[in-house]
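Peer 1: need a structure here:
(chains A and B)
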There are 2 protein chains.
Amino acid sequence: MANQYDPHTHQNLWLWLKLFKVSSAIEVTLQERLRHQCKTTLPRFDVMAALDHHPRGLRMNELSRYLRVSNSNVTGIIERLVQDNLVERIRVNKDRRATQARLTHEGFANFAATAYHHAVWVDELLGSLNENEANPMVSLLQKIEPNNIGN
Amino acid sequence: MANQYDPHTHQNLWLWLKLFKVSSAIEVTLQERLRHQCKTTLPRFDVMAALDHHPRGLRMNELSRYLRVSNSNVTGIIERLVQDNLVERIRVNKDRRATQARLTHEGFANFAATAYHHAVWVDELLGSLNENEANPMVSLLQKIEPNNIGN
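Peer 2: Numbering: from 1, shown residues only, chains lettered A, B, ... in the order given. Modelled structure (predicted):
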């Protein structure tokens, strides 16, 4: 059907098809490797990455806003991380009801190991691009980015 | 954590983050617009696109292989499309058991209208890139692509 469109629309459809295909293939590969080799999932990895980036801890609503996922999803992931001794809940100063989630020592070490594997895999999956190709691609993606927020 | 990696790994992590973010944002936007404005879903749109591309029809296993999704998912989508008079099942020559799915006249017209909206949206979402930017981006994505198949 695409042939009926003008060349620029046709080019953009083709670009979207490629973008979606490559991104999905990388995502599926990372998900499978995280599950099989690190016994974790991409959402759980993302929560740990956020806590690693905020070592003093985050409240549930801060985590939820930071990761752009629902509060209930974040709470479920945090509960399992607490059971696995990778996250602890700490009391926030002056507010007796509010708690923050923070990585435990074991959590920091576990995340560092998983993040190392993840980085090696991303490097391997994108490794066919050299530095002179990766940088322009980031710039092009950043040019597309603002278009898609809040639609 | 990314700072601990060598610059090329750091660059690739950054590229993957951008690639995933842009691709997910476009996917979510297209899904929402397809649902609200065309009363359809991305998987259903993909099945109709495959049948539009093969106007004489496809068997379930051919559709499943073509779209890289499970047979049961494809069968569920086809059943709903048949109920909506957008797809019909036809008998395959010489094989009494096998049937193919084919778009009805209404199905072809419905797909053409949805595909037109989809193309306009993709054009809008990627429209910040001009022709001299979109082409190199497709080439870079094609360079990444073979790395991710079959992992």
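Peer 1: C-alpha only now, for contacts and for neighbours.
Peer 2: Will do.
Peer 1: who's in contact with the residue minimising distance to the centre of chain A?
Peer 2: Note on chain A: the residue nearest the mean C-alpha position is A:Asp46, at 4.5 Å, using CA atoms, centre = their mean. Residues near A:Asp46 by CA atoms under 8 Å, 6 or more residues apart in numbering or on different chains: A:Leu67.
Peer 1: check the one 10 residues further on too.
Peer 2: Contacts here follow CA under 8 Å, 6+ apart; on that basis A:Arg56 touches A:Arg102.
Peer 1: same check on the one 5 residues further on?
Peer 2: Remark: with contacts taken as CA under 8 Å, 6+ apart, A:Asn61 is in contact with A:Asn71.
Peer 1: A:Asp52 sits in which helix or strand?
Peer 2: helix A:42-53 (DSSP states H and E).
Peer 1: got the buried residues for that helix?
Peer 2: In terms of neighbour count (16 or more other CA atoms under 10 Å in any protein chain shown), helix A:42-53 has its buried residues at A:42, A:44-45, A:47-52.
Peer 1: mind listing the helices for chain A?
Peer 2: With helices called from DSSP state H, chain A shows them at A:7-38, A:42-53, A:60-67, A:71-83, A:105-126, A:131-144.
Peer 1: would you turn the buried residues of helix A:42-53 into TSV with pLDDT and distance to chain B?
Peer 2: Output for those, formatted as TSV (pLDDT from 0 to 100; distance: CA to the nearest CA, whole Å):
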residue	pLDDT	distance to chain B
A:Leu42	91	12
A:Arg44	95	16
A:Phe45	95	13
A:Val47	96	14
A:Met48	97	11
A:Ala49	95	8
A:Ala50	96	10
A:Leu51	97	11
A:Asp52	97	8
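Peer 1: export those to JSON lines and tack on distance to A:Leu58?
Peer 2: Output for those, formatted as JSON lines (distance: CA to CA, whole Å):
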{"residue": "A:Leu42", "distance to A:Leu58": "19"}
{"residue": "A:Arg44", "distance to A:Leu58": "15"}
{"residue": "A:Phe45", "distance to A:Leu58": "15"}
{"residue": "A:Val47", "distance to A:Leu58": "10"}
{"residue": "A:Met48", "distance to A:Leu58": "11"}
{"residue": "A:Ala49", "distance to A:Leu58": "12"}
{"residue": "A:Ala50", "distance to A:Leu58": "9"}
{"residue": "A:Leu51", "distance to A:Leu58": "7"}
{"residue": "A:Asp52", "distance to A:Leu58": "10"}
